[in-house]
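Asker: quick one, what's the 3D model for this:
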Amino acid sequence: MLDEKQTLEYVRLAKQGDQNAKEVLLVENASLLKCIVKRYLHKGVEYDDLMQLASIGFLKALAGFDESFGVRLSTYAVPMIAGEIKRFMRDDGSIKVSRAIKRTAREINAFIENYSVSHGEQPDIRTIAEKFGMEEGEVVFALDSCKMPVSLYDQGEYKDEKTQELVEKLPARDNQDEMIETLQLRSAIESLPERERKIIVLRYFRDMTQSEVARRIGVSQVQISRIETRIMKDFRLRLAE
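Answerer: Model prediction:
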């Protein structure tokens, strides 16, 4: 495994066009790429294609990386890798489904949403089938047609139709962005000095108050507040990159 200093040396070489340096960095970050790719499996794109997209995203991140950012290459690369995969799924890799099926799926999901609000639970497949006069298998097919990457980002039947995206209306059982943010947060915490890392762990993972942390660390509550504010500001900047 490369340490931070070695990584930066390879980054400098890669940015100068050294292909071997790029390959070394790709190999060293393979586990990161695989971790991100796992979240997009079984969504219409083959594993090898996803890995290729992830590699492209990583190389784009490498080209745009600047040491002055003050973040690790892996932290900077995560959103660009995910973005490359998502962009392909939205624009190029989506399975084409007829307008009629997509319209039916939107109507079913609207019914599910309204039913859930009024009944406090989601309707079962039989209830949906009876509502729309369909076979239960047809309902399952219509709902499956809406799964990412098919049509979660569709806004309407026509390109100029401005309606709410389906992804905003469906219950989020598998939040892909949450994994990305977790990776970024973990990397950001690991990069903190020992005392600051301890403060964040005690405050946000042990649910301790600033006063309790201050007593544990041996400083004033005001100092803890200032340190925490600075750290969280840095975190927000990193996650926004």
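Asker: only C-alpha atoms for contact and neighbour calcs from this point on.
Answerer: Will do.
Asker: just name the shakiest helix or strand of this protein by mean pLDDT.
Answerer: Between all helices and strands in the chain, the lowest mean by mean pLDDT, DSSP states H and E belongs to helix 176-190, at a mean of 60.
Asker: what's the following helix or strand after it?
Answerer: helix 194-204 (DSSP states H and E).
Asker: using PDB, list the CA coordinates for that following helix.
Answerer: The C-alpha trace of helix 194-204 is given here as PDB (Å, rounded to 0.1, in the frame of the first residue of the first chain):
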ATOM      1  CA  GLU A 194      -5.400  12.200  16.800                       C
ATOM      2  CA  ARG A 195      -7.000  14.700  19.200                       C
ATOM      3  CA  GLU A 196      -9.400  16.100  16.600                       C
ATOM      4  CA  ARG A 197     -10.400  12.600  15.500                       C
ATOM      5  CA  LYS A 198     -11.100  11.700  19.100                       C
ATOM      6  CA  ILE A 199     -13.300  14.700  19.600                       C
ATOM      7  CA  ILE A 200     -15.400  13.900  16.500                       C
ATOM      8  CA  VAL A 201     -15.800  10.200  17.600                       C
ATOM      9  CA  LEU A 202     -16.800  11.200  21.100                       C
ATOM     10  CA  ARG A 203     -19.300  13.900  19.900                       C
ATOM     11  CA  TYR A 204     -20.900  12.200  17.000                       C
END
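Asker: next SSE downstream of that helix?
Answerer: helix 210-217.
Asker: which other residues reach that following helix?
Answerer: Helix 210-217 has contacts (Cα atoms under 8 Å, 6 or more residues apart in numbering) with 195, 199, 202-203, 220-221, 223-225.
Asker: before we move on, what SS does residue 71 have?
Answerer: The assignment at residue 71 comes out as coil when based on DSSP: H, G, I helix; E, B strand; the rest coil.
Asker: could you shift the numbering so residue one becomes 351, and keep it that way?
Answerer: That works, and once the first residue is 351, the last one we named lands at residue 421.
Asker: what about it, how many neighbours?
Answerer: 17 (other Cα atoms under 10 Å).
Asker: how about it, phi and psi?
Answerer: phi -130, psi 160 (degrees, to the nearest 10).
Asker: what about it, distance to residue 429?
Answerer: Per Cα to Cα, to the nearest Å, residue 421 is found 13 Å from residue 429.
Asker: tell me the domain boundaries of this structure?
Answerer: Per automatic domain parsing, the structural domains of the chain span 354-441, 449-518, 542-590.
Asker: show the average pLDDT along the last one.
Answerer: Confidence over domain 542-590, taken as the mean pLDDT, stands at 82.
Asker: so, low pLDDT: which residues of this protein?
Answerer: 441-449, 487, 491, 494-538, 585-591 (pLDDT under 70).
Asker: let's see that with 50 instead.
Answerer: Across the chain, the ranges flagged by pLDDT under 50 are 443-446, 498-526.
Asker: helices along that one, start to end?
Answerer: 354-365, 369-378, 380-388, 397-414, 423-441, 449-469, 475-482, 486-494, 526-540, 544-554, 560-567, 571-590 (DSSP state H).
Asker: including mean neighbour count, could those go into a markdown table?
Answerer: Output for these, formatted as a markdown table (neighbours: other Cα atoms under 10 Å):
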| stretch | mean neighbour count |
| --- | --- |
| helix 354-365 | 16 |
| helix 369-378 | 16 |
| helix 380-388 | 17 |
| helix 397-414 | 19 |
| helix 423-441 | 20 |
| helix 449-469 | 15 |
| helix 475-482 | 14 |
| helix 486-494 | 16 |
| helix 526-540 | 15 |
| helix 544-554 | 16 |
| helix 560-567 | 16 |
| helix 571-590 | 14 |
